[in-house]
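>>> next input, structure requested:
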Amino acid sequence: MQDLEPGQVIDGFRLDEPLDPGGMASFWRVSRPATDMPLLMKIPLMRRGEDPITIVGFEVEQMILARLSGPHVPRFIAAGDFERPYIVMEYVAGLSVRSLLAKTPLPPDDVAEIGAKVAFALHDLHRQHVIHLDLKPSNIILRDNGEAVLIDFGLSRHDQLPDLVGEEFDDPVGTGPYVAPEQVLRDRGDPRSDIFALGVILYFLATGERPFGEPQRAAEWRRGIATSRRGCRRSSCAVSRSTPTRATPLPRSSPSTSSIPSRWRSPHAPSARTATDSWRWRLRSAAFARGISGRPAGRRSPAFCRARRSSWRPSSSRPKAPNCAMRSSLRCAACSRPSRRRGLPASTY
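Okay, the predicted model is just below:
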């Protein structure tokens, strides 16, 4: 699928004009005699030496997009085969949230309005058993009628389809500043990852900076989990410090969480916490549910036990030994379970 030119016809679709290419695909405005709506063709970049995520992500998007419906996703039209890969979808005309970054900080009312629109779009997506996992300003388009449209499902996870991205890649994948703690801990089945990314986007729109900087590697992501939230100290921040931090209850017309798959709903979510407490709870619950190093839930991590090293005591059946915080023969007074790791450097925790 190289050396394409305007006027060329591919499986009945006429290439009208090229659009700005993305990192993993090229885009063309196309038309077909039997279709009146504006169309977009997405063609993956499959050159020699290209990143494998390009091929895997294209296959994932082709499977997921065909199963989505509603006003918050582009309408799926057609797809090619392995010999001639492409996806034809509805061309969404509107304003990309990425174009608003140059105008930050935005007024609080505008930030709240954008956040509400994107939240409704995410709810509709989660209701269809899909987690986006790559939510960022360039993947959000605001239609002329005000609705938010989510695009680019190459890294997404469908609850009823194989997770090709999770099976093929050991390290977390995503766009650095918007990767949630759950993704860093290799949990791709939690819809709160999208809520975290939305919070980072709204923070950026309101302050002009990202809350955790711009981490790009797994080590930097894990370091961000272990640190506390940075407060905004910029004098130009659009959000007033006098703004109440208590979360406002949702209106009665808001979508109910009963339509979201029950396995994605957390029974431990805070109901009446302040915005600051809720943010810290999100980071720490994700980190300590499995441990900083990604340990299965239910087992106390070394980070959890080391934080309480003042209460460490030797097992009643074993003699006391030096360097007790690093010995697997000792038990934690908080959980009464033996340590399962020994001799690890402090950076591992």
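>>> can you give me the helices in the stretch 1-150 of the chain?
Taking DSSP state H, counting those that start in this stretch as the criterion, the stretch 1-150 of the chain contains helices spanning 52-65, 108-127.
>>> between these, which one is closest to residue 145.
Nearest of those to residue 145, taken as Cβ to Cβ: helix 108-127 at 10.6 Å. Any C-beta I mention is one placed from the backbone N, CA and C, and that applies to glycine too.
>>> the helices of the stretch 1-150 of the chain: which one's closest to residue 167?
It is, among the helices of the stretch 1-150 of the chain and with distance given as Cβ to Cβ, helix 52-65, at 9.0 Å.
>>> report the buried residues of that closest one.
Neighbour counts over helix 52-65 (16 or more other Cβ atoms under 10 Å) mark 53-65 as buried.
>>> what do you get for stretch 80-99?
For stretch 80-99, using 16+ other Cβ under 10 Å, the buried residues are 80, 85, 86, 87, 88, 89, 90, 91, 92, 96, 97.
>>> columns pLDDT and distance to residue 142 on top of these, output as a markdown table?
Converted to a markdown table, the buried residues of stretch 80-99 look like this (pLDDT from 0 to 100; distance: Cβ to Cβ, whole Å):
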| residue | pLDDT | distance to residue 142 |
| --- | --- | --- |
| 80 | 90 | 29 |
| 85 | 90 | 29 |
| 86 | 93 | 26 |
| 87 | 95 | 22 |
| 88 | 96 | 23 |
| 89 | 96 | 18 |
| 90 | 95 | 15 |
| 91 | 95 | 15 |
| 92 | 94 | 10 |
| 96 | 94 | 8 |
| 97 | 96 | 7 |
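>>> of those residues, which is the nearest to residue 161?
residue 87 (16.1 Å).
>>> outline the domain layout of this protein.
9-90, 94-230+271-290, 309-348 (automatic domain parsing).
>>> any idea which of the ones you listed is most buried?
Of all those, domain 94-230+271-290 has the most neighbours on average by mean count of other Cβ atoms under 10 Å, namely a mean of 18.
>>> ok, and the closest non-adjacent residue to residue 200?
residue 178 (5.3 Å; Cβ to Cβ, 6 or more residues apart in numbering).
>>> neighbouring strands for the longest strand along the chain, and are they parallel or not?
With secondary structure taken from DSSP state E, the chain has its longest strand at strand 35-44. Note on strand 35-44: by DSSP bridges, its sheet partners are strand 25-32 (antiparallel), strand 87-90 (antiparallel).
>>> now it: average pLDDT?
Across strand 35-44, pLDDT averages out at 92.
>>> stretch 72-79 too?
95.
>>> what residues does that stretch touch?
11, 13, 35, 37, 39-40, 62, 65-66, 68-69, 85-92, 120-121, 124-125, 147-151 (Cβ atoms under 8 Å, 6 or more residues apart in numbering).
>>> put the alpha carbons of it into CSV.
Backbone C-alpha positions of stretch 72-79 (Å, rounded to 0.1, in the frame of the first residue of the first chain) are rendered in CSV as follows:
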residue,chain,number,x,y,z
HIS,A,72,-19.1,8.9,20.4
VAL,A,73,-17.1,6.7,18.0
PRO,A,74,-16.6,7.0,14.3
ARG,A,75,-18.9,4.7,12.3
PHE,A,76,-17.1,1.6,10.8
ILE,A,77,-17.6,1.2,7.0
ALA,A,78,-15.2,-1.5,5.7
ALA,A,79,-11.8,-3.1,6.2
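>>> re earlier: got CSV for the domains of the chain, with distance to residue 3 too?
As requested, the domains of the chain are exported to CSV (distance: least, Cβ to Cβ, whole Å):
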stretch, distance to residue 3
domain 9-90, 11
domain 94-230+271-290, 24
domain 309-348, 49
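>>> thinking again about what came up before, what's near enough to touch the residue nearest to residue 200?
134, 135, 136, 196, 197, 200, 201.
>>> so which of these is the closest to residue 164?
Using Cβ to Cβ, those come closest to residue 164 at residue 134, 14.2 Å.
>>> now the closest one: phi and psi?
phi -150, psi 40 (degrees, to the nearest 10).
>>> what kind of secondary structure is residue 206 in?
For residue 206, the secondary structure call by DSSP: H, G, I helix; E, B strand; the rest coil comes out as helix.
>>> so it touches residue 108, yeah?
Yes: taking contacts as Cβ atoms under 8 Å, residue 206 lies within contact range of residue 108: 6.8 Å.
>>> re earlier: can you redo the contacts of residue 178 as TSV with pLDDT?
Shown next, in TSV, are the contacts of residue 178 (pLDDT from 0 to 100):
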residue	pLDDT
134	94
135	96
136	95
196	94
197	95
200	94
201	96
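>>> residue 214 falls within a helix, correct?
No: Residue 214 is assigned coil when assessed by three-state DSSP, not a helix.
>>> what sits against it?
176, 177.
>>> next one: it from residue 135, what distance?
From residue 214 across to residue 135, the span is 16 Å (Cβ to Cβ, to the nearest Å).
>>> same thing with residue 100?
From residue 100 to residue 135 the distance is 15 Å (Cβ to Cβ).
>>> please apply the same query to residue 145.
Taking Cβ to Cβ, one finds residue 145 at 21 Å from residue 135.
>>> and if you look at residue 9?
Applying Cβ to Cβ to residue 9 and residue 135 gives a distance of 35 Å.
>>> hang on, the earlier thing: make a markdown table out of the buried residues of stretch 80-99 and add distance to residue 31.
Formatted as a markdown table, these follow (distance: Cβ to Cβ, whole Å):
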| residue | distance to residue 31 |
| --- | --- |
| 80 | 17 |
| 85 | 20 |
| 86 | 14 |
| 87 | 16 |
| 88 | 10 |
| 89 | 13 |
| 90 | 13 |
| 91 | 10 |
| 92 | 16 |
| 96 | 23 |
| 97 | 27 |
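>>> done for today, thanks.
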